[in-house]
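Participant: This is the structure alone, sequence omitted:
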């Protein structure tokens, strides 16, 4: 599940997308583990995660590479593979997609996540944690101007753009990159929207904020085509 923006990291403990994530596991008391690598293992993100999921029927845990959290206690890195493969859901925080993937590849986490996917463990994330699963993560955060592709894990085809809105700046940057051939066909996800993939294709789009949506954005016959996906509203 790719979340364009929202959830515990942006909205606090009451966001409906966190409840919906747990239902996708199909388990009564699912085990969910946070990978906060993209944020540099920011303690406040870890605290927000535990504050949100401690009030829900689940077993939350987290893995850090940069520091230890004395209050909750992270999973030892020596147990990383065994622990991740016992989860019902793995959630990746927002932050720097490129840095997270580089570190995961150094530590062999990429192959563990691939095995988790093969084992039907739910892979999810918000912002950087949404883009990381695709062939290309499209970002303007670390570049001078415009959208540039950063190679992702490649579990999903095409590109992904998050925090998408109808503003001229947001749409213009992505459209310009597509017309220039700098990025592939892209799914663009707004804050307050999430896309659930099943067997590598879009299965369902859900929203919980007014006006939120997700779009398939591509180029054909020299022009950009932006197609909104039908969506269901979370209550």
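Facilitator: Sure, I can see it. This is a predicted model, so every value here is computed, not measured.
Participant: In which helix or strand does residue 224 reside?
Facilitator: Residue 224 belongs to strand 223-228 when assigned by DSSP states H and E.
Participant: which other residues reach that strand?
Facilitator: 171, 175, 178, 179, 188, 213, 214, 215, 216, 217, 218, 219 (CB atoms under 8 Å, 6 or more residues apart in numbering). Any C-beta I mention is one placed from the backbone N, CA and C, and that applies to glycine too.
Participant: Most neighbours among those, which one?
Facilitator: residue 214 (27 neighbours; other CB atoms under 10 Å).
Participant: Spatially nearest residue to residue 157, not counting backbone neighbours?
Facilitator: Distances taken as CB to CB, 6 or more residues apart in numbering put residue 135 closest to residue 157, at 5.7 Å, once the chain neighbours are dropped.
Participant: Contacts only, for that neighbour.
Facilitator: 151, 152, 154, 156, 157, 158, 159, 184.
Participant: which of these are buried?
Facilitator: Buried residues within these, counting neighbours by 16 or more other CB atoms under 10 Å: 152, 156, 158, 159, 184.
Participant: Direction included, what does the strand holding residue 224 pair up with?
Facilitator: strand 214-220 (antiparallel) (DSSP bridges).
Participant: what helix or strand is the residue nearest to residue 157 on?
Facilitator: Counting by DSSP H and E, residue 135 is part of strand 134-139.
Participant: Centre of the chain to that strand, how far?
Facilitator: 11 Å (CA atoms, centre = their mean, to the nearest Å).
Participant: Quick check: which helices or strands does the helix or strand following it pack against?
Facilitator: Counting by DSSP H and E, the next helix or strand C-terminal to strand 134-139 is strand 148-151. Packing contacts for strand 148-151, counted by 3 or more CB pairs under 8 Å, 6 or more residues apart in numbering; DSSP states H and E, involve helix 97-107, strand 134-139.
Participant: most packed of the ones you listed?
Facilitator: strand 134-139 (a mean of 24; mean count of other CB atoms under 10 Å).
Participant: between that one and helix 97-107, how many degrees?
Facilitator: Interaxial angle of strand 134-139 relative to helix 97-107 (axes from the mean of the first three to the mean of the last three CA atoms, to 10 degrees): 140 degrees.
Participant: Since that was my last question, I'll sign off now.
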